[in-house]
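1. dropping a prediction and its sequence here:
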Amino acid sequence: MLTEFLRDQCFTTAWFGLMAFVWFGWAQEDPPPRRRVWLGAGSVLGVVVAVGFGVLTAMNWDRPSALEGDYGWFGALVAAEVVAAGGGCLALARRGAGRWMAWWVALVVAAHFWPLALLLGDAGVAVVGVVQAIALVAVVPRLRGGATTTSRAAGPIMGGTLLLSALIGALLTLPAL
C-alpha cells in the first residue's frame with residue numbers, strides 16, 4: 001500500500017494476505033471445478049504472504065504507526081464493521097436469503113476500507129475498497145438469477161483483490177527493509 005509507516009505497511013500486507021486466504025477459502029464453498037486449483041493456490045499464497053509479513057510486522061513493532069492516538073477510532077471502525085456484517089447476515093437469514101451473506105460481508109469489508117484508509121493515511125487501502133465495491137455491484141445481476149451461493153463470486157473478487165494488494169505491498173515494502 002502507500003503508507004510511510006513501515007510497521008503499518010508490513011501489517012497491512014500480512015493482514016491482506018491472511019484475508020485473501022479466508023476469502024479464497026470461502027469461495028471454495030461451492031466453486032466450479034475449473035476454479036478449484038486456482039482458489040487453493042490463492043489460499044496458499046495468501047498464507048505465505050501473511051506468515052512472512054507477520055514476522056516482519058513483529059520485527060518492526062517498535063516503529064511508529066499512523067494509528068498512534070487513534071486506536072479508539074480504529075476499534076470503533078472494526079466494531080461497526082462487525083455489527084454491520086453480522087446484522088446484515090442476520091437479516092438475510094431471517095428473510096431466507098442466506099445465500100447472499102458472502103456478498104453482503106464482502107460489501108461491508110470493501111466499504112470499511114474507505115474510513116480505514118483515512119485512519120492509516122494510506123490511499124491504497126481506499127483504492128482496494130473502491131475496486132472491490134465496483135466489482136461486487138457489477139456481479140449482482142448475474143447472482144440474482146441463480147440459486148448458488150454468492151461466495152462463488154464474492155470470494156474470488158475479495159481474495160483476488162486482497163492477494164494482489166498484498167503482493168503489491170510486499171514489493172513496495174521489501175526494498176525499505
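-> Received it, and whenever you're ready, just let me know what you need. Residues are numbered from 1 along each chain as shown.
2. what packs against the one helix or strand residue 46 maps to?
-> Using DSSP states H and E, residue 46 sits in helix 36-59. For helix 36-59, the packing partners by 3 or more CB pairs under 8 Å, 6 or more residues apart in numbering; DSSP states H and E come out as helix 6-27, helix 151-173. No exception for glycine: its C-beta is placed from N, CA and C like everyone else's.
3. any chance of the ones you listed in JSON lines, with mean neighbour count, mean pLDDT and distance to residue 61 too?
-> As requested, these are exported to JSON lines (neighbours: other CB atoms under 10 Å; pLDDT from 0 to 100; distance: least, CB to CB, whole Å):
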{"stretch": "helix 6-27", "mean neighbour count": "23", "mean pLDDT": "96", "distance to residue 61": "6"}
{"stretch": "helix 151-173", "mean neighbour count": "22", "mean pLDDT": "96", "distance to residue 61": "15"}
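4. in a markdown table: those helices, plus distance to residue 128.
-> Output for the helices and strands packed on helix 36-59, formatted as a markdown table (distance: least, CB to CB, whole Å):
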| stretch | distance to residue 128 |
| --- | --- |
| helix 6-27 | 8 |
| helix 151-173 | 5 |
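5. closest to residue 77 out of the ones you listed?
-> helix 6-27 (13.9 Å; CB to CB).
6. and the angle for the closest one with helix 36-59?
-> Helix 6-27 and helix 36-59 are oriented at 160 degrees to each other (axes from the mean of the first three to the mean of the last three CA atoms, to 10 degrees).
7. pull the distance from helix 6-27 to the chain's centre.
-> Centroid displacement of helix 6-27 relative to its chain, using CA atoms, centre = their mean, to the nearest Å, is 7 Å.
8. quick one: it to helix 151-173, angle?
-> Here helix 6-27 runs at an angle of 160 degrees relative to helix 151-173 (the same axes, to 10 degrees).
9. out of the helices and strands packed on helix 36-59, which gets nearest to residue 132?
-> helix 151-173 (5.2 Å).
10. what's the closest one packed up against?
-> Packing contacts for helix 151-173, counted by 3+ CB pairs under 8 Å, 6+ apart, involve helix 6-27, helix 36-59, helix 101-120, helix 123-138.
11. what angle do that helix and helix 101-120 make?
-> Helix 151-173 runs at 20 degrees relative to helix 101-120, counting by the same axes, to 10 degrees.
12. name the helix or strand of the chain that has the lowest mean pLDDT.
-> Lowest by mean pLDDT, DSSP states H and E among the helices and strands of the chain is helix 140-144, with a mean of 91.
13. any chance of JSON lines for the helices and strands packed on helix 151-173, columns distance to residue 87?
-> Output for those, formatted as JSON lines (distance: least, CB to CB, whole Å):
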{"stretch": "helix 6-27", "distance to residue 87": "19"}
{"stretch": "helix 36-59", "distance to residue 87": "27"}
{"stretch": "helix 101-120", "distance to residue 87": "10"}
{"stretch": "helix 123-138", "distance to residue 87": "18"}
